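Kindly generate the corresponding structure for this input.
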Amino acid sequence: MIESTWANLLANMPGEWRDTLVVKTMTGTEISVQSIVRIDSNLLVIRGRVAGTTDQGQLYFVPLERLETVCIQRPPKEDEVQKSLASILSPAPVGVVSKTSDSPRATTVMKLSPEAMEKLKSLGINKSSETQ
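Numbers count the residues shown, from 1 in each chain. Reported below is the predicted structural model:
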């Protein structure tokens, strides 16, 4: 189930990655995350602001099924990305991270490819009960 994949990824993401997250919903809304308040089996509760606004500290309830993309604004080095993803998604499926550029200021986008989603489904990864 895709929702449990998002819950697993977000719950086990290194803290320094969480500090610079932007989540994008299927409707195109981008939310700059200040903090993750709770990750449930099908719901993400975050404190943050809509990207491009200055309204800090609002509370958002985002259904995991409506999450399209999670973006790290200040991406870590490639070897750190691979090491962290290997521990989060062990064994790590291919196609999880796509670099937008080789520039150090580039955004790294974490979006599961269809192959990666199928691999995670076959592994039966579901950490949602541990996040409650």
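
which residues of this structure fall in helices?
Ranges of helices in the chain, per DSSP state H, are 2-12, 15-18, 78-88, 114-123.

C-alpha coordinates for the shortest one, PDB please?
Looking back up the chat, that one is helix 15-18. Output of helix 15-18 as PDB, limited to C-alpha atoms (Å, rounded to 0.1, in the frame of the first residue of the first chain):
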ATOM      1  CA  GLY A  15      16.100  14.500  11.300                       C
ATOM      2  CA  GLU A  16      18.300  16.800   9.200                       C
ATOM      3  CA  TRP A  17      16.300  15.900   6.100                       C
ATOM      4  CA  ARG A  18      13.000  16.600   7.900                       C
END
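
Tell me which of the helices of the chain sits nearest to residue 55.
Closest to residue 55 of the helices of the chain, according to CB to CB: helix 15-18, at 20.1 Å. From N, CA and C alone the C-beta is placed, and that goes for glycine too.

can you tell me the average pLDDT over the closest one?
Helix 15-18 shows a mean pLDDT of 81.

Lovely, talk soon.
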